[in-house]
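*Asks:* pasting the structure only:
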């Protein structure tokens, strides 16, 4: 019985650690996607603003 309880406690601590890691990975991925989208939109806006000057 003690072995089972010990295993359950260790599993719950491991799941807590995994949640933190998954949250961190998700935050980094979201930051990268946001940075890429922001760069892409800014590039499009700058290109659109420069077109009338080139004609």
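*Replies:* The structure has been received and is ready for your questions. Only a predicted model underlies this, so the values are computations on that prediction, with no experimental measurement involved. Residues are numbered from 1 along each chain as shown.

*Asks:* Give me the below-cutoff pLDDT ranges for this structure.
*Replies:* Confidence mapping of the chain against pLDDT under 70 gives the ranges 53-55.

*Asks:* any chance you could map the helices in it?
*Replies:* Remark: helices assigned in the chain by DSSP state H are 2-54.

*Asks:* And the residue nearest the centre of it, how far from residue 7?
*Replies:* Taking C-alpha atoms, centre = their mean, the centroid of the chain lies closest to residue 29, which sits 2.6 Å from it. As judged by C-beta to C-beta, to the nearest Å, residue 29 and residue 7 stand 32 Å apart. Bear in mind the C-beta positions are built from the backbone N, C-alpha and C, glycine included.

*Asks:* Residue 6: neighbouring residues, count only.
*Replies:* With neighbours defined by other C-beta atoms under 10 Å, the count for residue 6 comes to 10.

*Asks:* again, but for residue 16
*Replies:* Neighbour tally, residue 16, other C-beta under 10 Å: 10.

*Asks:* do the same with residue 18
*Replies:* By the criterion of other C-beta under 10 Å, residue 18 has 10 neighbours.

*Asks:* Contacts only, for it.
*Replies:* Residues counted as contacts of residue 18 (C-beta atoms under 8 Å, 6 or more residues apart in numbering): none.

*Asks:* Report the separation between residue 7 and residue 43.
*Replies:* Taking C-beta to C-beta, one finds residue 7 at 53 Å from residue 43.
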